[in-house]
Each structure stands twice: as structure tokens, then as C-alpha cells.
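**Student:** can't give you the sequence, but here's the structure:
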DNA sequence: CGCGACGTTGATTTGCCTCAACGATTGTGG
DNA sequence: CCACAATCGTTGAGGCAAATCAACGTCGCG
């Protein structure tokens, strides 16, 4: 049985105690150590993961072997391969633990069942999706409009907590620049 | 009263005749001519728009005056400023008609009411959001991993219909390159 | 027809990448 | 707890993809 006090999970969702209990019974706890993988390319993506603690990242490895970080997952965020989970396809990304983590996983199948059973649960995730869409619109605009330097500034401003807890090369790969460039940008800022 | 045969609108949604009728009564038809604006920066974003016919684009104008196309809206797509509508903020983008268009608009307020009244309506849009998130994950990966040339190839492959019906400089601003570069990429391809 | 909008081409510049070397920091086994 | 290695971040030199600047041809429309 999972601790009902899952920090921010379902906070402000308006779900009843009983509904929360049903939902919590659908969650499975997962412990992950640094450098372990939650998901690798080619796997069927059947679950989405709530990050209770620690840090993960999802990334895509291109044909030249370069990796590109799509998403970080820190406390209270949900992470999965969203290019695949909704359509039932195979993962094109890897998800890697970069700080020892505690997660709660929820299967896509169970999720769909909960949507039918508990309308407020669907509302809750619909709103999550809305915020995610909004964030991606902003990120895309940043990628289109800003220089490497300004993308970094924007990132630090938006995600100060992430910036503190991940390696530089992870941030670089999120921003679409090299570690060398990021290093130079930071140097320039401290002067 | 709006024609109930709104092409692809709500196709496969499993909504009953009566529910569809309620929804259709919440839609208002809008006719727009080329070069007219549906929305401009700074306005409160209160509606989302279903494109029945024609073509629009949403774009952001940066501090240097360059414009960046975030989204095209063609037949059967929904368009709005998604950086603002969900959170109730002011538009940071413009939406411009680039081919005479017929739209149906739906207010955010009415939409929320319909979500409560008709659960299947919420499910329908939740799935739309899922596909939108998926598309943005892919686009972000393309922006991170691909060269100008390959982003263009990917765009043409993904949206052949759009490619035919908009100006080159619109595509360039969607891809984050200049018209000159796009011209050179196309030249190189035809040889 | 004539003008403005659009696309193309060339010359040059530039922001960021690549490659290489070298400190700094972290982790690990003895 | 130290020694050493591996990982990570920084710095410099040179190169390249795409931007910028500029000029010109073409198309569509009033």
C-alpha cells in the first residue's frame, strides 16, 4: 500500500479520499539508481512515471551518435516517452536516472480505465497536458528565436532547480549546443 | 444553426447526435480573408478555432522584428495561442489568415462547461492534446538533431499539404532558417 | 502596363561546432 | 584517508553551416 501523502501528486485535483485511494492502488513504486535506465529505445512504452524524488532525463540518440535531452524529470513531474505512449508505438528515446530516484508508475491501460471511472481524474490530466502543450510552445519559440546564450538564460530562469542538479552536458544537450559553447556562455556571464 | 456535417470535426468521438447538437450550438462561424488577423499580441485569448477551410498561421515576433511561425492551421486543425489560452494570459503571438478561411470558434469558457456536461467531449480533447504533445516532442527533437536541410525534408514529408499552399518564407520561419537558406536547400535537392 | 511581393543567386560574415589539450573535480580501491 | 583514474569543465585554434547583405529576375495583381 502506497503512502497517501504523495506530496504534490493530485494536489488541487478535487478528488475524493476514496477516488484517491483507487488511484493510489493503481500506482507501483519504483526505485532507481543513478545511471540505471527506466526505458530504452525500441521498447513498447506502457507506463508513465511520476517523479517523487531524484532526477531523470529522456533523450534521443541521433544517427551520428549525439544525444539530445528532451525532458528532465524532477520532483512532481511526470516523465515517459511521449512520442510513443499515446499512440502505443515503440520508444524512440531512452530514459535514464541521473540522480537516485523514487518513482510511481502508472500503466497506460490502467490510466484509460481510471479516466472512464473517475471523470475528475481525466480532467486533472487534461489540464496537465494543457500545461505541457503550453510549455512546448514556449520552448519551440525559444529554439526558433533565441541565440545559444539567451536559450541558456531562459532555461536557468525557468528551471533554476534543474540547473543546480544536473551536469552541464545534460543542459547543453537540452539546449541544442555543445558543452564547450555552454562553458563559454557561462564564462561570458560571470564578467 | 451550424451545418451538422462539419467534415472531420468530432469524427470518431463517439458523441451522440444530441451531444453533437449541443456542441455545435456552442460554435460560431467566422469568415476570414487573406491578410486579416484573428488574434494579435496582447489580446486576451478567449477562443480556440477549428479550421474548416483555408489556411492560417500563428507566429511570434521577436525583439529584432523577426517573425517565427509556430503553427499552421489547415483543414481540420485547431488553432489558437496555446501559450496563453489555457492559463488565461495575454497573447504573445499573432494569428494571421494566409488563405481565405472559414472557421468555427469556441470560447474557453464554453469549452470548460462542455467538459463538465459531456465527459466524452473532454475525452475527445484530451486525446487531441495527447497528439499535440506527441507532435511537439517530435518537432523539438527535429530542431535539436537535424540540419536545416533535414528539417525541411522532414517538414515536407510530414505536411505535404501545407508545403503546397503557403509561401516559402512562411516555411522558412517555421523551420527557423532564412528564405535564402531554404532556397538553397531546395536548389540542392533538385539536382 | 507598372509596381510591389517573392524567390534566387553571389559574396561575405559570424555564431557555433570540431578537434585537441589541459586543469579541476569526483569517485574508487588499496 | 590518500593516490590515482575517470569524469567533467575549460580554453584555444581553426572550420563550417547558415546568416547577412546586396543585387537581380520573375511573377501576380491593381
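**Tutor:** Arrived safely, thanks for sending. The structure presented is a predicted model; accordingly, all values stated were derived computationally and were not measured. Numbering: from 1, shown residues only, chains lettered A, B, ... in the order given.
**Student:** Any buried residues in stretch A:58-76, and which?
**Tutor:** For stretch A:58-76, burial by neighbour count (16 or more other Cβ atoms under 10 Å in any protein chain shown) applies to A:58-60, A:67-74. C-beta here means a position set from N, CA and C on the backbone, and glycine is covered the same way.
**Student:** could you check whether it is close to DNA strand D?
**Tutor:** No. Contact between stretch A:58-76 and DNA strand D is absent, the nearest approach being 12.0 Å (criterion: Cβ under 7 Å from any atom of the strand).
**Student:** Quick one: distance of that stretch to the chain centre.
**Tutor:** Chain-centre distance of stretch A:58-76: 10 Å, with Cα atoms, centre = their mean, to the nearest Å.
**Student:** Helices of chain A, start to end?
**Tutor:** Secondary structure of chain A, counting by DSSP state H: helices at A:17-24, A:108-117, A:119-145, A:148-158, A:160-165, A:168-175, A:179-189.
**Student:** who does the third one touch, helix- and strand-wise?
**Tutor:** The helices and strands touching helix A:119-145, judged by 3 or more Cβ pairs under 8 Å, 6 or more residues apart in numbering or on different chains; DSSP states H and E, are helix A:17-24, helix A:108-117, helix A:148-158, strand B:47-61, strand B:67-73, helix B:119-145.
**Student:** For DNA strand C, what's its nearest residue on chain A.
**Tutor:** Residue nearest to DNA strand C within chain A: residue A:181 (2.9 Å; Cβ to the nearest atom of the strand).
**Student:** thought that residue was touching residue A:148?
**Tutor:** Yes. The criterion here is Cβ atoms under 8 Å, and residue A:181 meets it with residue A:148 at 5.5 Å.
**Student:** what about chain A, any weak spots by pLDDT?
**Tutor:** Where chain A drops to pLDDT under 70, the residues are A:1-7.
**Student:** which bits of it sit near DNA strand D?
**Tutor:** Residues of chain A lying near DNA strand D (Cβ under 7 Å from any atom of the strand): A:167-169, A:179-180, A:182-184, A:186-187.
**Student:** got the contact list for residue A:88?
**Tutor:** Contact criterion Cβ atoms under 8 Å, 6 or more residues apart in numbering or on different chains gives A:44-45, A:108 as the residues in contact with residue A:88.
**Student:** how about a cut-off of 7 Å?
**Tutor:** Not one residue lies near residue A:88 by Cβ atoms under 7 Å, 6 or more residues apart in numbering or on different chains.
**Student:** That one and residue B:185, how far apart?
**Tutor:** In this structure, residue A:88 and residue B:185 are 34 Å apart, going by Cβ to Cβ, to the nearest Å.
**Student:** Chain B contacts on chain A?
**Tutor:** A:60, A:62, A:68, A:70, A:82-83, A:86-87, A:115, A:119, A:122-123, A:125-126, A:129-134, A:136-141, A:143-145, A:176 (Cβ under 7 Å from any Cβ of the partner chain).
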